[in-house]
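> Need coordinates for the following:
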Amino acid sequence: MNRSGRSRARGAAVSTAVAAAALSLLAACGSNGSVPGTDGVPTAIPSGGYTVPGGGVVVGGSSALEGTNVPKDFPIPPGATARLGSTNGDGSEIILSGVNSAQAGKFYSGALPKAGYTINHKSSAPGGLATAMTFTGHGVKGDLASVGAGSAQFITIIFRKQ
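Here you go, the predicted model:
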């Protein structure tokens, strides 16, 4: 693997680690956006977002779908809620909740091709507990992972400009 490939692989690994940490934090949040054991201190990201080291931006709510690398008409499953989004350079990531993994897999298997994306790889865990796929189209390469156990149901989508 050349240096550029290693750099992209490391970037994807970091994004995956960040997504996993974000999922853990979101799963731990109470219904009011506060983390249990923090005396009810709100943890919701303000609508303006946060600037992170390296020039990236993290936003919450529906603003998460407005990342610079997220294609404008990217399909979002009915009932899904944008929880978190981040953009840094040529990569963006969004985290959605409210749709279980089996529903997400079924939705994106049909919606991505209809919206002009090519699904390059798809896999799912038995019982619909997890779905993963890679896709390309509209100038981006994407990785989608949906995980659902109990009441914690999340979809993480990473976009990288081609």
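> Which parts of this protein are strands?
50-52, 56-60, 81-88, 91-97, 118-124, 130-137, 140-149, 152-161 (DSSP state E).
> Might one say that residue 103 is in contact with residue 77?
Yes: the criterion here is CB atoms under 8 Å, and residue 103 meets it with residue 77 at 6.6 Å. C-beta: built from backbone N, CA, C; applies to glycine.
> neighbour-wise, which of those two wins?
More neighbours surround residue 103 than the other of residue 103 and residue 77, with 20 against 17 (other CB atoms under 10 Å).
> mind checking how far residue 129 is from residue 148?
The spacing between residue 129 and residue 148, counted by CB to CB, to the nearest Å, is 6 Å.
> Check the contact lists of these two and give me the overlap.
Any residue near both residue 129 and residue 148 by CB atoms under 8 Å, 6 or more residues apart in numbering counts here, and that gives residue 101.
> ok, these two, which is more surrounded?
residue 148 (22 against 14).
> check contacts around the more buried one.
Residue 148 touches 100-102, 128-130, 154, counting by CB under 8 Å, 6+ apart.
> where does the spatially closest residue to residue 73 that is not a sequence neighbour land on pLDDT?
Leaving aside its sequence neighbours, residue 73 sits nearest to residue 115 (CB to CB, 6 or more residues apart in numbering; 6.6 Å). Per-residue confidence at residue 115 stands at 96 (pLDDT).
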